[in-house]
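> Got a predicted model here, sequence first, then my questions.
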Protein chains: 2
Amino acid sequence: MNVNEAIQLLKDKGYKYTGKRVDMLEFFADHDRYMTAKEVLEGMKTTYPNLSFDTIYRNLSLFADLGILETTELSGEKHFRFLCSREHHHHHFICLHCGKTKEIDTCPMISLDGELDGYTISGHKFEIYGYCNQCVH
Amino acid sequence: MNVNEAIQLLKDKGYKYTGKRVDMLEFFADHDRYMTAKEVLEGMKTTYPNLSFDTIYRNLSLFADLGILETTELSGEKHFRFLCSREHHHHHFICLHCGKTKEIDTCPMISLDGELDGYTISGHKFEIYGYCNQCVH
DNA sequence: AAGGTATTAAGAATGATTACGATTTACTCA
DNA sequence: TGAGTAAATCGTAATCATTCTTAATACCTT
């Protein structure tokens, strides 16, 4: 997923092309890590001093619905990042300090061996938390 | 973990023995599933009509700190349940409708094969979401 | 039984998120 | 190209879960 793909997806779905949406997408492209709504707002304050909460939250949730962003919840706050890949299923190591991620190709679902026969599975989450090399001290 | 073990743990750590704490623990023993603070509050309102949410939240977080309860975050709300076992590491299938769980013995951390060499790991989360037999429709 | 301390109730405060009415902007199609 | 229309945005108020504050109460030790 990149900015152009995301903009194309917005157009295809009939959503409008606005400078703020483009800048939000570029902000995510430039910051390859999980970020909170507040961080996005802060990061865009320089170009749009009067940007409102509503715009950020509405677009974050729109982008997440469209599969442009992926989300996770860290210490009670939603975090967002550009979706790594649509094709390739994987999980993440997440740095609890800076939000940077590392892809983990191991998916535990393939080795369940019928442990959940008879249950309806709608999703799963596998995340590893810790600190990256830059953030350990 | 059961009610008596939990009460003993509270005493050993110097915490006081109060009827509300005992009833909270019994409420968890009687409801073997993930519940929100609000559900616990509602469930205890019959015996303690004036129970304040502060009491609930304070004790929930105390119990979680002492390892009496385990917690997870589902759709933005903290959920609590009696800790299944101290010895035996495992994960959960969680019913998104009723909060009931099923233990999963597969832990993906053992098959990482050095994918995270050089990273400092502080924790991990593996949960499977869906619906149990009673809640599918 | 009394004193010291932990616990509690009641409500106010916080922080993240959502909702709202008014205004502005982007797209459509004549 | 230029209204018309629907969506997007702003500014702010409302909401929801959770935490904090203060004063009163309950538990435990002696």
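Here it is on my side, so go on. Residues are numbered from 1 along each chain as shown, chains lettered A, B, ... in the order given.
> Show the pLDDT at the residue of chain A positioned farthest from its centre.
Distance to the chain centre peaks in chain A at residue A:118, reaching 31.7 Å (criterion: CA atoms, centre = their mean). What the model reports for residue A:118 is a pLDDT of 88.
> So for it, what's the nearest residue that isn't a sequence neighbour?
Of all residues beyond its chain neighbours, the one nearest residue A:118 is residue B:133 (6.3 Å), with distances taken as CB to CB, 6 or more residues apart in numbering or on different chains. Quick note: C-beta positions are derived from backbone N, CA and C, even for glycine.
> tell me which element the one you found falls in.
Secondary structure here is read from DSSP states H and E; on that basis residue B:133 sits in neither a helix nor a strand.
> I'd like the distance between it and residue B:41.
Taking CB to CB, to the nearest Å as the measure, residue B:133 and residue B:41 are separated by 28 Å.
> wait, what's in contact with residue A:74?
By CB atoms under 8 Å, 6 or more residues apart in numbering or on different chains, the contact set of residue A:74 is A:34, A:94, A:96, A:99.
> what do you get for residue A:100?
The neighbours of residue A:100, taking CB under 8 Å, 6+ apart as the test, are A:32, A:33, A:34, A:94, A:132, A:134.
> From residue B:30, how far out is residue A:63?
Separation of residue A:63 from residue B:30 (CB to CB) stands at 43 Å.
> who does the longest strand seen in chain A touch, helix- and strand-wise?
Ranked by residue count and defined by DSSP state E, the top strand of chain A is strand A:120-131. Contact analysis of strand A:120-131 by 3 or more CB pairs under 8 Å, 6 or more residues apart in numbering or on different chains; DSSP states H and E lists strand A:91-95, strand B:120-131 as its packing neighbours.
> So for DNA strand C, which of the ones you listed sits nearest?
Minimum separation from DNA strand C across those (CB to the nearest atom of the strand) falls at strand A:91-95, 15.7 Å.
> Strand partners (parallel or antiparallel) of the closest one?
Strands flanking strand A:91-95 in the sheet, each with its direction: strand A:101-104 (antiparallel), strand A:120-131 (parallel) (DSSP bridges).
> Let me see the mean pLDDT of the first one.
Pointing back at strand A:101-104 there. If you average the pLDDT over strand A:101-104, you get 95.
> Go through it and flag the buried ones.
Of the residues in strand A:101-104, those with enough neighbours to count as buried (16 or more other CB atoms under 10 Å in any protein chain shown) are A:101, A:102, A:104.
> between those residues, which is closest to residue B:75?
Ranking the buried residues of strand A:101-104 by separation from residue B:75, with CB to CB as the measure, puts residue A:101 on top at 22.2 Å.
> For that closest one, which non-adjacent residue is closest in space?
Setting aside the residues directly before and after it, residue A:101 is nearest to residue A:92 in space (CB to CB, 6+ apart), at 4.4 Å.
> Report how many residues lie close to that neighbour.
Burial of residue A:92, expressed as a neighbour count using other CB atoms under 10 Å in any protein chain shown, amounts to 20.
> so who does it touch?
Applying CB under 8 Å, 6+ apart to residue A:92 gives the contacts A:72, A:101, A:102, A:103, A:104, A:127, A:128.
> can you tell me how far the residue lying closest to the first one once chain neighbours are set aside sits from residue A:37?
Of all residues beyond its chain neighbours, the one nearest residue A:72 is residue A:79 (5.4 Å), with distances taken as CB to CB, 6+ apart. Relative to residue A:37, residue A:79 is positioned 9 Å away (CB to CB).
> likewise residue A:119?
Counting by CB to CB, the separation of residue A:119 from residue A:37 is 34 Å.
> that older thread, would you turn the contacts of residue A:92 into TSV with distance to residue B:12?
What follows is the contacts of residue A:92, written out as TSV (distance: CB to CB, whole Å):
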residue	distance to residue B:12
A:72	37
A:101	41
A:102	41
A:103	44
A:104	39
A:127	34
A:128	33
